[in-house]
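Colleague: Sequence and predicted structure below; questions after.
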Amino acid sequence: MVKNPIKIFSGTSHPELAKEIAKHLKTGVSEMQISKFACGEIYAKPKDTVRGTDVFIIQTASENVNEDLMELFIMLDSLKRSFAGRIHVVMPHYAYSRQDRVATPREPISARLVADLISAAGADHLITMKLHSDQEQGFFNFSVDNINTENLFATYFNKKKIKNLVVVSPDAGGAKDAKKFSDLVGAELAIIHKSRPLHTHNKSEVMHVVGDVEGKTCILYDDMIDTGGSVTNAVVALKKMGAAKDIYLAATHPVFSDPAAERLAVAGFKEVVVSNTIPVSKAKQFKGLKVLSVAPLLANVIKNVHEDKSVTSALNK
């Protein structure tokens with residue numbers, strides 16, 4: 001039995017990434033008609049038939065996260081009602097990922113709510129990258145491929161052949177991931193202990209640094225950069241502890257909420273290395289910013305999923 005070809009669809013959150021993925025798969029992006037009514041309601045439908053087809057929707061969570069989600073739900077519903085075979089959501093930056101637990105009384109678990117909504121809208125499978133916590137995969141009632149990006153960053157930094165290197169986790173929660181990355185680049189590990197004032201989302205205070213950073217080149221390694229407050233505070237702390245002049249920052253998701261770009265541009269980083277899970281507008285680009293593409297990695301994953309092959313083997317290509 002001949003398997004139907006892949007159909008790649010794109011929402012409006014990151015069409016450039018969708019085109020790059022499609023190029024690696026030697027196909028094009030199928031046309032999805034997306035428009036808005038005068039009142040702001042979103043309309044979406046595939047232009048051509050998708051009956052029985054493996055479809056992949058590329059829709060990340062950008063700075064317009066709520067609109068991105070609503071657009072995704074409507075695209076999913078249109079594909080489900082068009083009798084698509086399997087519907088895969090490719091959301092490199094998963095929306096509301098940080099809201100994954102009840103930290104204080106009466107808080108929502110919004111990451112679980114988003115999972116329920118994606119499922120209800122018609123998705124059969126999610127491909128995402130670097131979830132805020134691995135256990136979020138359990139929020140879904142279908143399969144989730146949570147793709148880690150350690151190898152992407154390790155390949156980049158290993159080519160630099162940096163000596164006397166230490167990987168620094170900007171908080172205790174990220175220490176496990178930082179340790180995996182430090183092993184890949186042959187570096188030691190340090191951890192910054194920080195605290196957040198009660199009832200705040202984008203403020204933190206560095207308490208102290210655990211580990212030896214004196215005279216060493218540091219790579220701050222995190223899953224995302226939001227306002228940039230934590231990592232710029234970390235630079236100050238590392239310099240006070242005698243770290244070498246060269247301090248790098250590596251993070252998967254460049255959320256870059258204001259005033260992140262301005263902070264990072266003057267923080268004194270040797271280089272800020274991120275991936276393109278979220279588009280970085282020209283207004284938020286600055287000297288020393290390096291963007292690594294996740295398109296080849298996602299294309300390999302999509303190809304193996306479509307062919308019912310191991311996703312793990314796709315990560316090692």
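Modeller: Structure's in. What do you need? Residues are numbered from 1 along each chain as shown.
Colleague: Lys36: what's its closest spatial neighbour, skipping adjacent residues?
Modeller: Ile42 (5.8 Å; Cβ to Cβ, 6 or more residues apart in numbering). Yep, even glycine has a C-beta here, placed from its N, CA and C like the rest.
Colleague: oh, I was asking about Ala260
Modeller: Ranked by Cβ to Cβ, 6+ apart and with sequence neighbours excluded, the top spatial neighbour of Ala260 is Gly228, at 3.8 Å.
Colleague: separation between the spatially most central residue of the chain and Asn151?
Modeller: Centroid-nearest residue in the chain: His93, 3.6 Å away (criterion: Cα atoms, centre = their mean). As judged by Cβ to Cβ, to the nearest Å, His93 and Asn151 stand 18 Å apart.
Colleague: show me the residues around the closest residue to Ile8 other than its chain neighbours that make contact.
Modeller: Leaving aside its sequence neighbours, Ile8 sits nearest to Ala22 (Cβ to Cβ, 6+ apart; 4.8 Å). The contact partners of Ala22, taken as Cβ atoms under 8 Å, 6 or more residues apart in numbering, are Ile8, Gly28, Val29.
Colleague: isn't there a strand covering Thr252?
Modeller: Yes: under DSSP: H, G, I helix; E, B strand; the rest coil, Thr252 falls within a strand.
Colleague: Is it correct that it is in contact with Asn276?
Modeller: No: using Cβ atoms under 8 Å, Thr252 is not in contact with Asn276; the gap is 10.0 Å.
Colleague: Please say which of the two ends up with more neighbours.
Modeller: Between Thr252 and Asn276, counted using other Cβ atoms under 10 Å, Thr252 has the larger neighbour count: 27 against 19.
Colleague: Convert the C-alpha atoms of stretch 77-93 to PDB, please.
Modeller: Presented in PDB, the C-alpha positions along stretch 77-93 are these (Å, rounded to 0.1, in the frame of the first residue of the first chain):
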ATOM      1  CA  ASP A  77     -10.700  21.700  13.200                       C
ATOM      2  CA  SER A  78     -10.700  22.400   9.500                       C
ATOM      3  CA  LEU A  79      -8.300  19.600   8.800                       C
ATOM      4  CA  LYS A  80     -10.200  17.100  11.100                       C
ATOM      5  CA  ARG A  81     -13.500  18.000   9.300                       C
ATOM      6  CA  SER A  82     -11.700  17.500   5.900                       C
ATOM      7  CA  PHE A  83     -10.900  13.900   6.800                       C
ATOM      8  CA  ALA A  84      -7.100  14.200   7.200                       C
ATOM      9  CA  GLY A  85      -5.500  10.900   8.100                       C
ATOM     10  CA  ARG A  86      -3.200  11.800  10.900                       C
ATOM     11  CA  ILE A  87      -2.800  15.400  12.200                       C
ATOM     12  CA  HIS A  88       0.500  16.300  13.700                       C
ATOM     13  CA  VAL A  89       1.100  19.700  15.400                       C
ATOM     14  CA  VAL A  90       4.700  20.900  15.200                       C
ATOM     15  CA  MET A  91       5.000  23.600  17.900                       C
ATOM     16  CA  PRO A  92       8.700  24.200  18.500                       C
ATOM     17  CA  HIS A  93       8.000  26.600  21.400                       C
END
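Colleague: C-terminal to the helix ranked longest in the chain, what's the next element?
Modeller: The longest helix of the chain (DSSP state H) is helix 65-80. Note on helix 65-80: by DSSP states H and E, the next helix or strand toward the C-terminus is strand 86-91.
Colleague: Give the other helices and strands that that next one contacts.
Modeller: Packing partners of strand 86-91 (3 or more Cβ pairs under 8 Å, 6 or more residues apart in numbering; DSSP states H and E): strand 54-58, helix 65-80, strand 125-129, helix 295-306.
Colleague: Name the nearest residue to Glu67, sequence neighbours excluded.
Modeller: Nearest non-adjacent residue to Glu67, counting by Cβ to Cβ, 6+ apart: Ile42, 7.7 Å away.
Colleague: What about the one you found, how many residues nearby?
Modeller: With other Cβ under 10 Å as criterion, Ile42 counts 17.
Colleague: OK, contacts around it?
Modeller: Ile42 neighbours (Cβ under 8 Å, 6+ apart): Ile34, Ser35, Lys36, Glu67, Met70, Glu71, Ile74.
Colleague: what helix or strand is Phe153 on?
Modeller: helix 150-158.
Colleague: Check the offset of that helix from the chain's centre.
Modeller: The chain centroid and the centroid of helix 150-158 are separated by 16 Å under Cα atoms, centre = their mean, to the nearest Å.
Colleague: Done for today, thanks.
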